[in-house]
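Engineer: Kindly return the folded structure for what I paste below:
(chains A and B)
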2 protein chains.
Amino acid sequence: MRRRILEAATELIARDGIGGLRYDQVAELAEVNKTSVYRNWPDRSALVADALTTFGADVAPLQDSGDIEADLVDFLEALAAATASTQGRALLTVVASAREDPELRAIVDEVFERRLSILEHRLKTAIERAELPPVESSFLAEMLAGPVQLFVTRGPRAFTRADAARVTNVVLAGIRATHGT
Amino acid sequence: MRRRILEAATELIARDGIGGLRYDQVAELAEVNKTSVYRNWPDRSALVADALTTFGADVAPLQDSGDIEADLVDFLEALAAATASTQGRALLTVVASAREDPELRAIVDEVFERRLSILEHRLKTAIERAELPPVESSFLAEMLAGPVQLFVTRGPRAFTRADAARVTNVVLAGIRATHGT
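Structural biologist: Numbering: from 1, shown residues only, chains lettered A, B, ... in the order given. Down below sits the predicted model:
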């Protein structure tokens, strides 16, 4: 039941933003009593946080095969799928609207930072191994993840592995050309 | 009064997503009668469309000085400001949630495409002048605008002119290194 409620909440946030998250609608979509939602999540922010984080779509896996280029292509492909998922879209609606709400901002920051910190960690390792020139890893992460996010939200076609390779190639070539090695 | 209503609608969408756009709340925030909102926008989609497009924050200016690098730095700086504005954030919440609503999708596509088509047009001119290698301009536009959008939604600091220059340099160097010239 917990799962059904969280799926319903995620769906409503993805469709209408957090303004669409009303307990009666969550209960109706999950086909449970409204009291079940209130009992498990007396706090609305906790329900938002669980909806955005429970299914793990916020995290794309990132391997360390020793080949930074191949690992980034895999990661960007997985990131595109995560971004296009119901939970990924729910996250994006909340990210855009969370500016004035400190509590919500903290939830979204945590999810977003977790996603990007996986990427940043892998980039740091590659820099240490001199596979990449020394560059601020948060900047590099934005250069890689930003185009994927824009591509997915813009539609109209799916983000492919070839797209992931193209983004990776351009960014790494650009970093190498502007920062030496 | 029209302006006050649209500002209120934009504010509510930016804060809560389109689920937050209820006529009674728009009227309250704009300090007008609810009937004034209904009379001017009997159709909710038209209100959303006007809220997202009226103030022009969806369009960042892009000059043609003959120097593609300088023009792109100016554009990305303006794009960051537009994205960080109330209307820019309202647009992002709707972009993420507009997948299942064809009418809303059409509105958002139009605004988004207008923004990117200005960029694409300028890139095409630069390609024709051989300032840039021949590359798909929509791909190049995503490589430039994507990092800006992610940076702004992620916060926590403002996107500066130095950031705009850094993104431009890396992308153009990467495109030149991978596509010849």
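Engineer: Walk me through the domains of chain A.
Structural biologist: Domains of chain A are assigned by automatic domain parsing as A:2-53, A:68-179.
Engineer: contacts for stretch A:131-142?
Structural biologist: A:68, A:116, A:119-121, A:123-124, A:126-127, A:171-172, A:175-176, A:179-181, B:147, B:150-151, B:154, B:166 (Cβ atoms under 8 Å, 6 or more residues apart in numbering or on different chains). Any C-beta I mention is one placed from the backbone N, CA and C, and that applies to glycine too.
Engineer: the bottom helix or strand of chain A by mean pLDDT?
Structural biologist: Lowest on mean pLDDT, DSSP states H and E among the helices and strands of chain A sits helix A:86-97, with a mean of 81.
Engineer: related to what we said a few turns ago, quick check: ChimeraX command selecting the buried ones in the contacts of stretch A:131-142.
Structural biologist: Buried residues within these, by 16 or more other Cβ atoms under 10 Å in any protein chain shown, are selected in ChimeraX with:
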select /A:68,116,119,120,123,126,127,171,172,175,176,179 /B:147,150,151,154,166
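Engineer: okay, now residue A:40: neighbour count?
Structural biologist: Per other Cβ atoms under 10 Å in any protein chain shown, the neighbour tally for residue A:40 reads 15.
Engineer: Format the domains of chain A as JSON lines; extra columns: distance to residue B:10.
Structural biologist: Converted to JSON lines, the domains of chain A look like this (distance: least, Cβ to Cβ, whole Å):
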{"stretch": "domain A:2-53", "distance to residue B:10": "13"}
{"stretch": "domain A:68-179", "distance to residue B:10": "12"}
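Engineer: Among the contacts of stretch A:131-142, name the ones in strands.
Structural biologist: Counting by DSSP state E, no part of those is found in strands.
Engineer: Measure how far the least confident helix or strand of chain A is from the centre of its chain, please.
Structural biologist: Mean-position distance between helix A:86-97 and its chain equals 8 Å (Cα atoms, centre = their mean, to the nearest Å).
Engineer: which regions of chain A sit below the pLDDT cut-off?
Structural biologist: Chain A contains residues with pLDDT under 70 at A:20, A:55-59, A:98-100, A:181.
Engineer: what about the longest helix in it?
Structural biologist: helix A:102-128 (DSSP state H).
Engineer: helices or strands up against it?
Structural biologist: Applying 3 or more Cβ pairs under 8 Å, 6 or more residues apart in numbering or on different chains; DSSP states H and E, one finds that helix A:102-128 makes contact with helix A:44-53, helix A:68-84, helix A:86-97, helix A:137-154.
Engineer: So for the longest one, what gets flagged as buried?
Structural biologist: Which is helix A:137-154. By 16+ other Cβ under 10 Å, the buried positions in helix A:137-154 come out as A:137-154.
Engineer: in chain A, what residue is nearest chain B?
Structural biologist: Distances between chain A and chain B by Cβ to the nearest Cβ are smallest at residue A:17, namely 1.1 Å.
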